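Chemist: Got a predicted structure plus its sequence, pasted below:
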2 protein chains.
Amino acid sequence: MLTDRQLLILQVIIDDFIESAHPVGSRAISKKDEINFSAATIRNVMADLEEMGYLVKTHSSSGRVPSEKGYRYYVDHVIGPTIDNRNLNIMKDLIHGEFIEFEKLVQKSAEVLSDLTNYTSIILGPEVFETKVKQLQIVTLTDHSAVAILVTDTGHVEHRSFTIPAEISPSDLEKIVNILNERLKGVSLARLPELLTTEVVSLMRKYVQDFEKSFNYLQSAFFQEQPVKLYFGGKTNLLNQPEFTDVNKIRSFYQMMENEDQVVNLLKTSQHGIKVTIGNENKIEEIKDFSLITASYQFGSEKMGTIALIGPTRMEYRKVITLLNALSNEMTDALYLWYKNNG
Amino acid sequence: MLTDRQLLILQVIIDDFIESAHPVGSRAISKKDEINFSAATIRNVMADLEEMGYLVKTHSSSGRVPSEKGYRYYVDHVIGPTIDNRNLNIMKDLIHGEFIEFEKLVQKSAEVLSDLTNYTSIILGPEVFETKVKQLQIVTLTDHSAVAILVTDTGHVEHRSFTIPAEISPSDLEKIVNILNERLKGVSLARLPELLTTEVVSLMRKYVQDFEKSFNYLQSAFFQEQPVKLYFGGKTNLLNQPEFTDVNKIRSFYQMMENEDQVVNLLKTSQHGIKVTIGNENKIEEIKDFSLITASYQFGSEKMGTIALIGPTRMEYRKVITLLNALSNEMTDALYLWYKNNG
DNA sequence: TGTTAGCACTCTCGAATGTCGAGTGCTAAT
DNA sequence: ATTAGCACTCGACATTCGAGAGTGCTAACA
């Protein structure tokens, strides 16, 4: 456990380093308003903090830099709720603006978030488990090709084109669509695969010739797992950070970000609430120098998606956490309102 | 005009520099198989070429590097059609594979192109002037919101959601859609706006109450100009190029690339056939160190879109031009076949 | 006993200097 | 016209050096 003084000095050092990105020396600390000890005293404390692992030196006679353990302690124990009204208002205005498609809102949120922080924002989702099928349709393009369109009650449109196997006749296809529409309208997407294999199958068996093939085909063409959508903001922001000088580091980072599956995985594991992952706490090699802050937004108790910010370990945790917290609440609210008005 | 020998040496220097990225010295040149002069002779020729502006020195006693004028001469006069069968076959296989949506093919092409070249590929379009309306539909979500869906005969699906103004009743909306569907089915997208304002307007005036508002609204919501789509491949490839070391340069380049409008403009101006833009010939400040090669693909005589590669001025022009030429032909062919089979 | 001033020491950073090698231009010989 | 030879130039790289920032330790102090 840290003494009050140790805590104070740790905090001041981290705050200073977050702002300046330069190692912090005892003299600079002693000059701060909130500090009333001499540089020598501070040196003693710093030596203690270093021994405990909260600070490190870049070389034997340099100032101190926070270690990952230091950041962790800072995030867990030092940060109180800080409210930055100006930024929060920007976000509220954004969310309460007119929107019909949730996706537009999400994209905009990602941009605002990255603009406000100068880091890179990633938003995952919303996952559409709770959204319901509004309409299902198959438009035939030619004798052997067609496009299936699924509209949800959130205004989301999924489409997939496929070739029609020779075994399926146009009239069969029409029947299939009719059946699907009748039985699936209003069903939540989460229950789709289940319903498809139970109720619908039996119905189709009754009316559609050669049904097995049709069914298998349709299922694979249209109801295979939907890719979750990713929205980015400020992809180039990190290039402004002073720690981002090595081209190899830049390359490995951006190559990682290009791999959407990997990014989705990174965000998907996040639990409810805010989660801070600092440096080596990240499992992915390429971002072991970065910190990742994630927050989820929900509908009811159902997790809908994840908002995340990625930046250097020297991150403005206080600001970022406040902002992410607020945005996740706003999005949760917006989602609730949306359903209330439209559902 | 250059003598044969000058031409030969210019070519060898450029080829060497393209491969090595290092200034080329007279000694190195003299050792090449195709060169039978001594280093001293070559030095004289190099001095001539420099005087004429085709080569520059990086400092007073360095080897020579091609100038932009040098590259220009190389591209205009030196490059003959070179055929790299292996790469061309990869592309043919790609194009002749099964595809229904043209967009999937385009995305895949972009990826293959960047993989084969190690530069960044950008594909614009296809612009959908010639594609025809297959079906038009409006799905109402709630009393005051709906989503309009347009399916083209190419399997492309456009959708846009909008709020329904209070003045328009659900039955009116339905009538509108019926009319639109009846009159617009099979119409090419290029003629859409025109038809909308002539034929359809009069029909709608007849059947739909309060039609003016409906019409204006619908037009603005759905038929406003569609953004042209961009496909990228190998966005991080350029980070592997040795000239890409300065973080500022990297940043300004990627920021430029994030601005889709700008990129679209860059590619849109391109005429038919292959066009090479070297360094300062580019109008956009951020890519004055790069070369851009564009090629268009067509349907009939109608230009459909643009394929482009962007890389350092030290680019493998020969390979790139061959590849781009081939891909644009393949895409043009594919497009033709597509319409023949489906149209 | 906790705090502080003082001081010797350490290490980085940038400027200055020296050396090496690649490459050139010029001249004279072929 | 071509080439060998040679003096010269310049960048790349290593080395040295001093300044400055910062530390740890010790002894004096409240």
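Modeler: Noted; the coordinates are in hand.
Chemist: pLDDT weak spots in the stretch 201-343 of chain A?
Modeler: Applying pLDDT under 70 to the stretch 201-343 of chain A flags residues A:203-204, A:206-227, A:270, A:338-343.
Chemist: Where do the strands of the stretch 151-300 of chain A begin and end?
Modeler: Assigned by DSSP state E, counting those that start in this stretch, the stretch 151-300 of chain A shows strands spanning A:157-163, A:230-233, A:275-278, A:290-299.
Chemist: what about the first one, distance to the chain center?
Modeler: Chain-centre distance of strand A:157-163: 26 Å, with C-alpha atoms, centre = their mean, to the nearest Å.
Chemist: Tell me the spacing between the closest residue to residue A:137 other than its chain neighbours and residue B:200.
Modeler: The shortest distance from residue A:137 to any residue other than its chain neighbours is 4.8 Å, reached at residue A:149 (C-beta to C-beta, 6 or more residues apart in numbering or on different chains). Heads up, the C-betas are built off the backbone N, CA and C, glycines and all. Using C-beta to C-beta, to the nearest Å, residue A:149 is found at 23 Å from residue B:200.
Chemist: So between those two, which is more surrounded?
Modeler: The residue with more neighbours, out of residue A:149 and residue B:200, is residue A:149; 23 against 19, by other C-beta atoms under 10 Å in any protein chain shown.
Chemist: Please name the bridge partners of that one.
Modeler: With DSSP bridges as the criterion, the beta-bridge partners of residue A:149 are residue A:137, residue A:159.
Chemist: Roughly how far does it sit from residue B:277?
Modeler: 40 Å.
Chemist: quick one: which of the strands of the stretch 151-300 of chain A is nearest residue B:155?
Modeler: strand A:157-163 (4.2 Å; C-beta to C-beta).
Chemist: how about the closest one: buried residues?
Modeler: Within strand A:157-163, the residues that count as buried by 16 or more other C-beta atoms under 10 Å in any protein chain shown are A:157, A:158, A:159, A:160, A:161, A:162.
Chemist: circling back: if I read this right, the residue nearest to residue A:137 contacts residue A:133, doesn't it?
Modeler: No - with contact defined as C-beta atoms under 8 Å, residue A:149 does not count as touching residue A:133 (11.3 Å).
Chemist: Residue numbers of chain A in contact with DNA strand D?
Modeler: Within chain A, the positions adjacent to DNA strand D are A:23-28, A:39-40, A:43, A:46-47, A:50, A:57, A:61-64 by C-beta under 7 Å from any atom of the strand.
Chemist: Name the nearest residue to residue A:326, ignoring sequence neighbours.
Modeler: Closest residue to residue A:326 apart from its sequence neighbours, by C-beta to C-beta, 6+ apart: residue A:88 at 5.2 Å.
Chemist: same question, residue A:244
Modeler: Here the residue nearest residue A:244, using C-beta to C-beta, 6+ apart, is residue A:238, at 5.5 Å.
Chemist: what number of residues lie near that neighbour?
Modeler: Neighbours of residue A:238 under the rule other C-beta under 10 Å: 23.
Chemist: so it sits right up against residue A:311, yeah?
Modeler: Yes - shown here, residue A:238 and residue A:311 form a contact pair, counting by C-beta under 8 Å, at 6.6 Å.
Chemist: okay, and the common contacts of the two?
Modeler: A:119, A:120 (C-beta atoms under 8 Å, 6 or more residues apart in numbering or on different chains).
Chemist: show me where the stretch 151-300 of chain A has helices.
Modeler: A:170-184, A:192-195, A:201-207, A:211-222, A:247-258, A:260-268 (DSSP state H, counting those that start in this stretch).
Chemist: So chain A: which segments form each domain?
Modeler: A:4-78, A:85-127+A:228-342, A:133-222 (automatic domain parsing).
Chemist: Filter the residues of chain A next to DNA strand D down to the buried ones.
Modeler: Using 16+ other C-beta under 10 Å as the burial test, the residues of chain A next to DNA strand D include A:23, A:24, A:25, A:26, A:28, A:43, A:46, A:63, A:64 as buried.
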